[in-house]
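Asks: Provided below are the primary sequence and the corresponding predicted coordinates.
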Amino acid sequence: MERCPLCRAMLNGAETCRRCKAELQSVQRIKRESRTLVGAAIYRLSLGDVAASKRLLRIAMNLHATPEARALWRVVAVRD
């Protein structure tokens, strides 16, 4: 995360915003979990397990719907 989601200050990798003092550890953890789930969905898709890939993507997008996750969702949605 490059900017604080609350005040938009540059973070430079910090877990606490220097301007508004927001604690961002939880936000960063959720983003990491979402990326991990998208990676697992890609792996399951590579094995041909579309159902598991969809389940993992659904969870990932509920956490943090990135453009990459949405694009992958469009790929698996047409594979039914």
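Replies: Arrived safely, thanks for sending. Predicted model only: the values in this text are computed from it and were never measured. Numbering: from 1, shown residues only.
Asks: Next up, the contacts around the residue nearest to the spatial centre of the chain.
Replies: Nearest to the mean C-alpha position of the chain, counting by CA atoms, centre = their mean, stands Ser34 at 3.3 Å. Taking CB atoms under 8 Å, 6 or more residues apart in numbering, we find Ser34 in contact with Ala60, Met61, Leu63, His64, Thr66, Ala69. In this view, the C-beta of every residue, glycine as well, is placed from N, C-alpha and C.
Asks: Spatially nearest residue to Leu45 (excluding sequence neighbours)?
Replies: Ser53 (4.1 Å; CB to CB, 6 or more residues apart in numbering).
Asks: Next: Glu68.
Replies: Per CB to CB, 6+ apart, closest to Glu68 is Val38, 6.5 Å.
Asks: Correct me if wrong: the one you found contacts Pro67.
Replies: No - taking contacts as CB atoms under 8 Å, Val38 lies outside contact range of Pro67: 11.1 Å.
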